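**Q** sequence first, predicted coordinates after that:
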Amino acid sequence: MLEGGGKSLVSLDASDGPEWEHGAMIRAQGAVLRQLQAWLKEKDPSFGGLVRVMNKREEFLWVHPRFETEY
């Protein structure tokens with residue numbers, strides 16, 4: 001499975017995602033978070049079937065529907 005995932009990443013090019021520096025880790029907040037959310041919504045409006053839940057720390061998480069009741 002890991003080998004297949006690596007191959008799929010190789011096929012991505014700069015036009016497949018936002019204009020961010022490759023290899024740099026960033027914390028998505030503010031305008032960067034809004035840009036990421038807009039890009040995700042454009043590419044997959046259903047967020048892959050995930051549902052939004054709130055954990056005990058009142059943070060929103062996206063989880064598989066099977067685990068929704070755990071929050």
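**A** The structure has been received and is ready for your questions. For clarity, every value in this text was computed on a predicted model and none was experimentally measured.
**Q** my read is that residue 61 contacts residue 55, right?
**A** Yes: Residue 61 is in contact with residue 55 according to C-beta atoms under 8 Å; the separation is 5.8 Å. (Each C-beta comes from the backbone N, C-alpha and C, glycine too.)
**Q** identify the contacts common to these two.
**A** Among the neighbours of residue 61, those also in contact with residue 55 (C-beta atoms under 8 Å, 6 or more residues apart in numbering) are residue 71.
**Q** tell me where this protein has strands.
**A** Assigned by DSSP state E, the strands in the chain fall at 51-54, 60-63.
**Q** now do the helices in the protein.
**A** 2-10, 31-43 (DSSP state H).
**Q** mean pLDDT for those: which is lowest?
**A** Least confidently modelled of the helices of the chain is helix 2-10, at a mean of 48 by mean pLDDT.
**Q** mind checking the end-to-end distance for stretch 57-69?
**A** From its first residue to its last, stretch 57-69 covers 16 Å (C-alpha to C-alpha, to the nearest Å).
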